[in-house]
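Visitor: below: sequence and its predicted model.
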Amino acid sequence: MPRKPTKCFIDLGPGDGEKTIIPVQYALESGRYQLVSAVLVDCSDDMLNVAEKTLQRLSGYMPDKFRIKRFQTLFENLKNDEAFKKFIREHDIREWLFYGTTAGNFDPPILHGILVDNMLSGDRAQVGLHLYTEGRDDAIIKSYEGLAMRDVSFVGLKELAFADKDKEEMDYYVELTKREYEEFKEFDLGLLMAIKTFFRARKPMERGLVTLKAGDSLQAVLSIKYKEDQAIKVFEHKGKLVVLNKNGPLELLPEYKDDDISIIYMMKTGG
Ligand SMILES: C[S@@+](CC[C@H](N)C(=O)[O-])C[C@H]1O[C@@H](n2cnc3c(N)ncnc32)[C@H](O)[C@@H]1O
C-alpha cells in the first residue's frame, strides 16, 4: 500500500488556538494523513502556551498521529528562520492559516507579502479577517485592553530597546478612532475604524533612540477593522474574497489560485 501523505498547518498568530483546531481536527478525522502537524508561529510566548494547551486538549493527545511545533518569532523574520523552513519542508502538504492577526488586518499588501515570502509551490493559505460591526466599539476596546494584547503590543517596544520590566513603569491604554487613510485613497472607502494601543511613561525614560518625559506616550499597535463593504473593496484588489459563514464557526473553503500557490480570503464579523 502506498504511504499516506503528511500534512502540516502553519498558523501565523494562533492566539488561543481555538480556530487552529478546526482544520486540524478535520484533517485528523479524514484518516487521509499518516501524520498531521500544527506549526504555531507567534511573537508572544504566552499566546503560544495557550494555543499549545488548547490543541493538546482538543486533539485528544495522539502523539503518533498529531504533533505540535512552536516558533516564537515575528512573521517578518520567518523567511530567515532555517529551523522553521526545514521543519515545514519535511511535510508533503502545507496549509497556511492567517486568521485575524493584527498584522494582516492593517494592510492587505503586507499580509499578502508575508504569505508569498514564505509559501512554497503548491501550498494553500486561508486568510481570515475580523470585520468591524457598528455598535460593538466597547467590546473591541475591551478585547484590546486585556493582558494578552498588552503583551503583544509591548513586543514592538522591545524592538526599540525597552525591557519587560519597563512594562511596570508604563500605563497601557487603547484608543478607537475613525479617519480616512491616504494609503487607501484609491479604494474610496470613507472612514476606517482604527484601533491603537499605547504605553505612557510614568517617569522619564531613555531607551535606545527613544527619550520619554513623564506623561509621554508611545504608540504600539495599529489595527484597522474593515466593515464588510470596505474589506471587499480592499481585498478584491489582491484576489478573490470569499464571504462565508459570517456568524458561525469557520469552515474549510473553496480555493483561489494565485500562480502556483492558492490564497483564500474570508471574513468574519465581530472581534
Ligand atoms: C488578534 S490575535 C489572532 C488570534 C487568532 N488567530 C484568532 O483569530 O482568534 C493576533 C495574534 O498574532 C500575533 N501577532 C501579531 N502580529 C505579529 C507579528 N508581526 N509577528 C508574530 N506574531 C504576531 C499575536 O501575538 C496574537 O497571538
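Guide: Sure thing, it's come through. Since the model is a prediction, treat every value here as computed from it, not as a measurement.

Visitor: got the domain ranges for this protein?
Guide: Using automatic domain parsing, the domain parsing of the chain gives 6-131+230-268, 137-225.

Visitor: and the end-to-end length of the last one?
Guide: The one in question is domain 137-225. Taking Cα to Cα, to the nearest Å, domain 137-225 runs 11 Å from one end to the other.

Visitor: repeat for stretch 181-200
Guide: Counting by Cα to Cα, you get 25 Å between the two ends of stretch 181-200.

Visitor: ditto for stretch 114-128
Guide: Stretch 114-128 has an end-to-end distance of 14 Å (Cα to Cα).

Visitor: over it, what's the mean pLDDT, rounded is fine.
Guide: The average pLDDT within stretch 114-128 is 85.

Visitor: isn't V234 right up against F187?
Guide: Yes - using Cβ atoms under 8 Å, V234 is in contact with F187, at 5.6 Å. Using the backbone N, CA and C atoms, a C-beta is placed for each residue, glycine as well.

Visitor: out of the domains of the chain, deepest packed?
Guide: domain 6-131+230-268 (a mean of 17; mean count of other Cβ atoms under 10 Å).

Visitor: from I88, how far off is A38?
Guide: Distance of A38 to I88, computed by Cβ to Cβ, to the nearest Å: 11 Å.

Visitor: so what sits against both of those two?
Guide: C8 (Cβ atoms under 8 Å, 6 or more residues apart in numbering).

Visitor: and I88, what helix or strand is that in?
Guide: helix 82-89 (DSSP states H and E).

Visitor: off-centre distance for that helix?
Guide: Computed by Cα atoms, centre = their mean, to the nearest Å, the chain-centroid distance of helix 82-89 equals 20 Å.

Visitor: is it anywhere near the ligand?
Guide: No - applying Cβ under 6 Å from any ligand atom, one finds helix 82-89 separated from the ligand by no less than 12.2 Å.

Visitor: can you find the helix or strand of the protein with the lowest average pLDDT?
Guide: strand 257-258 (a mean of 47; mean pLDDT, DSSP states H and E).

Visitor: about what we covered before: and the domains of the chain, which one averages the lowest pLDDT?
Guide: Ranked by mean pLDDT, the domains of the chain end with domain 6-131+230-268 at the bottom, a mean of 80.

Visitor: coming back round to it: run the chain-centre distance for the helix or strand following the helix holding I88.
Guide: For helix 82-89, the following helix or strand on the C-terminal side (DSSP H and E) is strand 93-99. For strand 93-99, the separation from the chain centroid amounts to 11 Å (computed by Cα atoms, centre = their mean).

Visitor: what does the stretch 151-271 of the chain put close to the ligand?
Guide: V152.

Visitor: please redo it, this time with the cut-off set to 8 Å
Guide: Neighbours of the ligand within the stretch 151-271 of the chain, by Cβ under 8 Å from any ligand atom: 151-152, 155, 221, 223, 271.

Visitor: quick one: which of the residues you listed sit in strands?
Guide: 221, 223 (DSSP state E).

Visitor: and which of the residues of the stretch 151-271 of the chain next to the ligand is nearest to the ligand?
Guide: Nearest to the ligand, judged by Cβ to the nearest ligand atom, of those is V152 at 4.1 Å.

Visitor: spit out the contact partners of the closest residue to the closest one other than its chain neighbours.
Guide: Spatial nearest neighbour of V152, excluding adjacent residues (Cβ to Cβ, 6 or more residues apart in numbering): S44 at 5.4 Å. Residues near S44 by Cβ under 8 Å, 6+ apart: 72, 148, 151-152, 155.

Visitor: give me that answer again for 7 Å
Guide: Counting by Cβ atoms under 7 Å, 6 or more residues apart in numbering, S44 makes contact with 151-152, 155.
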